[in-house]
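Asks: here is a sequence together with a model predicted from it:
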Amino acid sequence: MKRILYFIFLLLILDVQSSTEPLTLDVVLKQTREQAPKVLASLEKVTSAREKVRAAEGAFDANLGLDYDRREGGKYPGEVYKGKIEKPLQAFGAKVFGGYRKSDGTFPVYEGKRVTLDEGEVMAGLSFNLLRNFNIDEKRLKLGLSEFGLEKSEWQNKETLMKLQKEGSLAYWSWVASGHMLKVSQGLLSLAENRQVAFEKRIKRGDLAALYAVENRQYIVKRRTKVRKNQAEFEMAALYLSLYWRNDKGIPQIANFSQLPNLDLMEKTDFNDKKINIKNLMSASFTLQSLNTEVKAIEKQSEFFESRFLPEVAVKYEVARDRGQGSSTLIGTEHKVMVGVNIPIERNLLKGNSAANRAQKRILEHQIRLTQDSLRVKINQLKTKLSAAVDIIQNTKQEVSLGEQLEKGEKKKFRSGASDYFVVNLREQGTFDARLKRIEALFTYQETLAKYRELLMDYKF
């Protein structure tokens, strides 16, 4: 009853396949690339980082400011209208601006700057920085860091694609291997069950001792246990595979037994076995590229922190002209140049930030070195393991062939009365073990190959 409820539950939440077409690795990896939640989440991280760049660029958006000031009653009733557009620039921490101002009414002498001719005042100007904020300031730092954040997220997205396709490959080959192990154990059980029928017929005729049937039933029970164990492993492998093999709506799909490809496919996986220089591979590694992007971000921060030690020299130029009728003192064009200087005296904040940033850069350099060393070791380890796996596969093939010959010969001897049933069972078990060893060797090869392809960045994007 529990088993029935379990499968009803699976039918409700998963897409259980009824296809008999062999399931291929390419199909699984394609769905992994397109539908795996981790891949989709990684793409959203790229989108988020891209929008953060856009938001940082917003610091250089133009702004319009409007002011209206009115004073009623008293000795100096008057009003002032003022509008100003300001556009920050990325070069030199500069800003350009322009505006219009018009006043009407009476103002005291100390507010004389508010007075304009009757058609108002038009003004424009430019401000920029020398020394501090000339090459970099807070806004340009934030924009640069957001751009590095986008670059890092793109490298991490590619790294995720490689990792997920490696995991999908491992899940696929685990499903294939467990399915063929189930087939082998079912074949071994079928031999014993068919023999039981033959034994019981012979016992009824009186030409075989009943003990043979008892012994064979013992083998049947043992082999049924093995089949049940392999069946559970196959079902679990299919469930795990469903995390990577999804339909076009992203719903996990459960592969069935009839979709198993031929065992020989496990020896025939194409991949780009490029004779790549390890140094070149490291320079192309997505993990290392991501770390190098972090270093560039740290260097950008260092540039900013070092610039904070410089004095701030802010220069502003403004030109204004009044139009219309009014006070003669307002007629003509006015040019103004303003300079402001700010010198940091106590520098604990600056020195602390700068030193901490340099330490962070050294941490990343150590991490990059460790990653490079690990990458070099892993590549050589996997190449060694792949070479050994190929040889082991050939040896297990020979074991299967020799086991089949021994089993066939022993059965022939048994039928002629020259052998014992106990020995026949040992021969069958030997062939069974050899076939399992071959499947295990093929899975080890595919497992190693999947990890090797990840390091070579051989999977599709």
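Replies: Nice, thanks for sending it over.
Asks: C-alpha only now, for contacts and for neighbours.
Replies: Fine.
Asks: quick check: most distant residue from the centroid of the chain.
Replies: Here the chain reaches farthest from its C-alpha mean at residue 75, the gap being 71.5 Å by Cα atoms, centre = their mean.
Asks: how does this protein divide into domains?
Replies: For the chain, the structural domains run 2-55+140-298+354-456, 59-133+310-347, going by automatic domain parsing.
Asks: need phi/psi at the residue farthest from the centre of the chain.
Replies: phi -80, psi -20 (degrees, to the nearest 10).
Asks: can you pull the contacts of it?
Replies: Listed by Cα atoms under 8 Å, 6 or more residues apart in numbering, residue 75 has no contact partners.
Asks: could you export the domains of the chain as CSV, including mean pLDDT and distance to residue 304?
Replies: Shown next, in CSV, are these (pLDDT from 0 to 100; distance: least, Cα to Cα, whole Å):
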stretch, mean pLDDT, distance to residue 304
domain 2-55+140-298+354-456, 89, 7
domain 59-133+310-347, 90, 9
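Asks: winner for burial among those?
Replies: Burial of the domains of the chain is given as mean neighbour count (mean count of other Cα atoms under 10 Å); domain 2-55+140-298+354-456 ranks first at a mean of 17.
Asks: where does residue 67 sit: helix, strand or coil?
Replies: Taken by DSSP: H, G, I helix; E, B strand; the rest coil, the conformation at residue 67 corresponds to strand.
Asks: quick one: it and residue 79, what's the gap?
Replies: Distance, residue 67 to residue 79, by Cα to Cα, to the nearest Å: 11 Å.
Asks: next: residue 282.
Replies: Distance from residue 282 to residue 79, counting by Cα to Cα: 69 Å.
Asks: do residue 416 as well
Replies: For residue 416, the distance to residue 79 equals 123 Å [Cα to Cα].
Asks: could you do residue 211 as well?
Replies: Relative to residue 79, residue 211 is positioned 118 Å away (Cα to Cα).
Asks: now swap in residue 303 and tell me
Replies: Residue 303 sits 47 Å away from residue 79, going by Cα to Cα.
Asks: then residue 422?
Replies: As for residue 422, its distance to residue 79 is 114 Å (criterion: Cα to Cα).
Asks: phi first, then psi, for residue 412.
Replies: The phi/psi pair for residue 412 (degrees, to the nearest 10) is phi -60, psi -40.
Asks: going forward, count from 550.
Replies: Yes, from this point I'll number from 550; that puts the last item at residue 961.
Asks: gap between the helix or strand that contains residue 974 and the chain center?
Replies: Per DSSP states H and E, residue 974 falls inside helix 970-1005. The chain centre lies 32 Å from the centre of helix 970-1005; the measure is Cα atoms, centre = their mean, to the nearest Å.
Asks: who are the packing partners of it?
Replies: helix 687-754, helix 897-964 (3 or more Cα pairs under 8 Å, 6 or more residues apart in numbering; DSSP states H and E).
Asks: turn these into TSV, columns for distance to residue 654.
Replies: Below are the helices and strands packed on helix 970-1005 laid out as TSV (distance: least, Cα to Cα, whole Å):
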stretch	distance to residue 654
helix 687-754	41
helix 897-964	50
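Asks: so which of these is nearest residue 870?
Replies: Residue 870 lies closest to helix 687-754 among the helices and strands packed on helix 970-1005, at 32.0 Å (Cα to Cα).
Asks: beyond the closest one, next helix or strand please.
Replies: Trace forward from helix 687-754 with DSSP H and E and the next one is helix 759-790.
Asks: mind giving me the packing neighbours of that next one?
Replies: Using 3+ Cα pairs under 8 Å, 6+ apart, helix 759-790 sits against helix 687-754, strand 802-803.
Asks: go ahead and flag the most central residue of the protein.
Replies: Geometric centre of the chain, nearest residue: residue 709, 2.2 Å, by Cα atoms, centre = their mean.
Asks: residues in contact with the residue nearest to it when sequence neighbours are not counted?
Replies: In space, and not counting its chain neighbours, residue 709 is closest to residue 588: 6.7 Å by Cα to Cα, 6 or more residues apart in numbering. Applying Cα under 8 Å, 6+ apart to residue 588 gives the contacts 581-582, 706, 709-710, 713.
Asks: name the element residue 588 belongs to?
Replies: Residue 588 belongs to helix 586-606, assigned by DSSP H and E.
Asks: okay, that helix in PDB with CA atoms only?
Replies: Output of helix 586-606 as PDB, limited to C-alpha atoms (Å, rounded to 0.1, in the frame of the first residue of the first chain):
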ATOM      1  CA  PRO A 586      16.900  26.000 -11.400                       C
ATOM      2  CA  LYS A 587      20.500  26.700 -10.500                       C
ATOM      3  CA  VAL A 588      21.200  27.800 -14.000                       C
ATOM      4  CA  LEU A 589      18.100  30.000 -14.100                       C
ATOM      5  CA  ALA A 590      19.100  31.500 -10.800                       C
ATOM      6  CA  SER A 591      22.600  32.200 -12.100                       C
ATOM      7  CA  LEU A 592      21.200  34.000 -15.100                       C
ATOM      8  CA  GLU A 593      19.100  36.100 -12.800                       C
ATOM      9  CA  LYS A 594      22.200  37.000 -10.800                       C
ATOM     10  CA  VAL A 595      23.700  38.300 -14.100                       C
ATOM     11  CA  THR A 596      20.600  40.300 -14.800                       C
ATOM     12  CA  SER A 597      20.700  41.700 -11.200                       C
ATOM     13  CA  ALA A 598      24.400  42.700 -11.700                       C
ATOM     14  CA  ARG A 599      23.600  44.300 -15.000                       C
ATOM     15  CA  GLU A 600      20.900  46.400 -13.500                       C
ATOM     16  CA  LYS A 601      23.200  47.400 -10.700                       C
ATOM     17  CA  VAL A 602      25.500  48.800 -13.300                       C
ATOM     18  CA  ARG A 603      22.600  50.700 -14.700                       C
ATOM     19  CA  ALA A 604      21.800  52.100 -11.300                       C
ATOM     20  CA  ALA A 605      25.400  53.200 -10.800                       C
ATOM     21  CA  GLU A 606      25.300  54.900 -14.100                       C
END
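Asks: just to revisit the earlier point, closest one to residue 933 among the helices and strands packed on helix 759-790?
Replies: Minimum separation from residue 933 across the helices and strands packed on helix 759-790 (Cα to Cα) falls at helix 687-754, 18.9 Å.
Asks: roughly how far is that closest one from the heart of the chain?
Replies: With Cα atoms, centre = their mean, you get 19 Å for helix 687-754.
Asks: do the same with stretch 591-609
Replies: Using Cα atoms, centre = their mean, the offset of stretch 591-609 from its chain centre is 18 Å.
Asks: identify the residues contacting it?
Replies: Residues contacting stretch 591-609 (Cα under 8 Å, 6+ apart): 636-639, 688, 691-692, 695-696, 698-699, 702-703, 705-706, 709.
Asks: might one say that residue 663 is in contact with residue 652?
Replies: Yes. Counting by Cα atoms under 8 Å, residue 663 does reach residue 652; the two are 6.7 Å apart.
Asks: give me the common contacts of those two.
Replies: In contact with both residue 663 and residue 652: residue 629, using Cα under 8 Å, 6+ apart.
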